[in-house]
Each structure stands twice: as C-alpha cells, then as structure tokens.
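1. pasted the sequence and its predicted model underneath.
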Amino acid sequence: MANIVLVHGAYQGGWIWQPVVQRLRAAGHTVYAPSLDGCGERRSQLRPGIDTESHGAEIADLLFFEDLHDVVLAGTSSGGMAIAVAAERARPRIGRLVFVDALALLDGEKLRDIVDRPAAINTDHALGPSREDAVGRMFSGMDRRLAEWAADRITLHPLKVFTQPVKLPTFWSQSWTATVIYCRQAQNPGEAHQRRCADKLKARWHMLDTGHYPMLSAPDELADLIVAQ
C-alpha cells in the first residue's frame, strides 16, 4: 500500500480530491489531501506573501511531520508547481511524482507565462473566478449538480502563485520517477507544456479523455493511474 499526498490547484482546496481520496482509501492506501495556505477552508488565512515556494514548503513539512517515506506526490494544475518545490526540498521522502494536467514550470518561469486568462475577481493579493464563471466555464460539461457543488467551494488564490517566477534551482537536474497525465479536453496548460515535462523527466505518459478536473469527472481512472507502477 502507498503513502499518497494529493495537492490541489488554483481556486481549490483539498476538497476537490474527495472522490479520488475515497477510492484510494477504500483500496487501503494512506492518503492526504491538504488545503494549502489561504485556500479552501483555510481561506481566512489568505494574505500577502503566500507563493509557490511557501506552498511547496508546507507540503515538504507535511511529509516530515507525518514521517512519510516513498511518497506518491500528485499535483494538479498549479499544484504541479507546488509538488516540484516540495519534492526538491524533501527528495529522500519521494517515491514518485504524478503531474495531473499540471503546470510544470522551469526555474524562473511564472504561471502567467503559460496561462494568461484574466480572472473575474482581483484583489491586491488574490484572484479568482466568479461562481457563474466556475459553473459555466471551469466545470462545464460535468453533471450539473457536481458542477454546482464544486462551484460552491471555489475560493480566491494567492496572487504571487500566478505572478512570481518559481524557484527550482535543482529540481530539473535530478532524476525522478514520474507520471504525467494529460487531459485531452482541457485548454490549459495544454499538451505541449505537459509533453515538455514528460520528456524532461522521462516520465510515463497517460491521456484521459476528460477536462481539467479529472478528480471530479473521471475519479476511477485517475485513482488507478495515481497508484499504477
């Protein structure tokens, strides 16, 4: 059985992994799906200064304090950036990395270099979609009740995750066991970006015929890929 840590993306919290967590735990795996600082149920902590590095440090700390080893560390969307930072800081604890339709930035790149869609809501230190945009665009194509459930839980995301260049001085020069899962119906971050990640990491490549939120739209298939050796 595996130790699995699932890292969410922008506007989300650990809640978005709920269907996958249920399936993995039912199969006997130990699973963590934390909400990052300022996100999900921790939205009251949203403040200036939160960035990809602080999010990655949180995950690295989780691995240390829970004394987890041989971890399957999976991240989706902007969570791909966070797992790269966490893996760099906690290298001896990592068994495998799983990028789930995820951003995988090189040192010095920023999210806005890859995805530049404007947000409906902008503050001095956060941004995010409106609920209407979430239902009509982000979660379109899903069962309506599922889309409404997810839209009720979206939150703003720390601005610096989008605008600040990521710091990964050693990640890409190391050897990792990795899997990249590309969602064919998702517009961003796109196949070319994820192919680059797979090529650089010599990762296993999988495709799911679904949108950017496979943990909601294809939880059975995604759970199987996360634990596949």
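-> Perfect, thanks for sending it. Numbers count the residues shown, from 1 in each chain.

2. what's the offset of the longest helix seen in the chain from the middle of its chain?
-> Longest helix in the chain by number of residues (criterion: DSSP state H): helix 52-65. Chain-centre distance of helix 52-65: 14 Å, with C-alpha atoms, centre = their mean, to the nearest Å.

3. repeat that for stretch 200-218.
-> Distance of stretch 200-218 from its chain centroid, counting by C-alpha atoms, centre = their mean, is 12 Å.

4. what does it rub up against?
-> Contacts with stretch 200-218, where a contact means C-beta atoms under 8 Å, 6 or more residues apart in numbering, come from 6, 16-17, 19-20, 76-77, 97, 99-101, 138-142, 146, 150, 172, 176, 178-188, 195, 197-198, 221-222, 225, 228. Using the backbone N, CA and C atoms, a C-beta is placed for each residue, glycine as well.

5. what subset of these is buried?
-> Buried members of the contacts of stretch 200-218, counted by 16 or more other C-beta atoms under 10 Å: 6, 16-17, 19-20, 76-77, 97, 99-101, 138-139, 142, 150, 172, 176, 178-183, 186, 197-198, 221-222, 225.

6. tell me where the model's unsure across the chain.
-> Along the chain, no part satisfies pLDDT under 70.

7. ok, which stretches of this protein are strands?
-> 3-7, 30-32, 71-77, 94-102, 121-122, 126-128, 157-158, 178-183, 204-208 (DSSP state E).

8. okay if I get the ones you listed as JSON lines plus distance to residue 38?
-> Converted to JSON lines, the strands of the chain look like this (distance: least, C-beta to C-beta, whole Å):
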{"stretch": "strand 3-7", "distance to residue 38": "14"}
{"stretch": "strand 30-32", "distance to residue 38": "18"}
{"stretch": "strand 71-77", "distance to residue 38": "16"}
{"stretch": "strand 94-102", "distance to residue 38": "19"}
{"stretch": "strand 121-122", "distance to residue 38": "14"}
{"stretch": "strand 126-128", "distance to residue 38": "7"}
{"stretch": "strand 157-158", "distance to residue 38": "5"}
{"stretch": "strand 178-183", "distance to residue 38": "25"}
{"stretch": "strand 204-208", "distance to residue 38": "29"}
